[in-house]
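1. pasting a predicted model and its sequence here:
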Amino acid sequence: MSFAQSIFAEFEAQAPITRRYLERLPEDRLTWKPHEKSMSAGQLALHIARVPGGAVRFVQQNPAQAPDFRNVPQPSSLREILNTFEGSITTVRTQLPLFDDASMEETWRMVQGDTEVLAIPRAQGTVLAGHHAQSLVSAPGPVQRLLAPTQRGSAGKLGTQR
């Protein structure tokens with residue numbers, strides 16, 4: 001199995017979990033923020049929806065400019081978030097299989113301005129980005145507080161609420 005096929009298999013296993021997570025976000029709470037400096041629940045959900053496809057597009061660039069997440073737009077609806085996620089899935093399914101093992105083993109660089117901040121094999125960069133999305137879905141945080149009554153299988157107190 002190639003690097004890309006292995007990463008793709010992990011993505012295919014995680015995509016339905018992420019979709020169910022996004023579908024559970026209460027649409028009337030998209031603008032809720034736990035703190036004035038925080039992203040809203042909708043902004044965080046939109047970020048989660050963008051990560052898979054964005055990660056693949058990101059590692060296609062070499063070097064890639066470090067992303068700036070300070071201006072994530074406020075989605076107007078849950079449908080917008082879910083449509084973004086579907087587009088992200090399509091990007092992964094069409095672009096990730098195009099990477100051969102040689103390109104996945106190639107050193108991939110992320111820069112901030114003219115400064116290199118990361119130099120790792122492209123496969124590792126792709127996996128790290130995927131794990132970022134998974135951690136946003138599974139780690140306790142503001143969206144999980146909104147989902148607590150419907151969330152099952154979470155660790156700690158959230159998992160005991162049914």
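-> Yep, it's here.
2. in the helix or strand where Ser135 lies, what's buried?
-> Element membership for Ser135, per DSSP states H and E: helix 122-138. Judged by neighbour count using 16 or more other Cβ atoms under 10 Å, the buried positions of helix 122-138 are 122-127, 129-130, 133-134, 136-138. C-beta coordinates here come from the backbone N, C-alpha and C atoms, glycine included.
3. next one: stretch 104-122
-> By neighbour count on 16+ other Cβ under 10 Å, the buried set for stretch 104-122 is Met104, Trp108, Arg109, Met110, Arg122.
4. so which elements touch the helix or strand the first one falls within?
-> Per DSSP H and E, Met104 falls inside helix 101-105. In terms of contacts (3 or more Cβ pairs under 8 Å, 6 or more residues apart in numbering; DSSP states H and E), helix 101-105 is packed against helix 3-23, helix 122-138.
5. can you tell which of these is closest to Phe85?
-> helix 3-23 (5.8 Å; Cβ to Cβ).
6. out of the buried residues of helix 122-138, flag the one nearest to Val56.
-> Thr126 (7.0 Å).
7. any low-confidence regions in this protein?
-> 138-162 (pLDDT under 70).
8. hmm, 50 instead?
-> Scanning the chain for pLDDT under 50 picks out the ranges 152-162.
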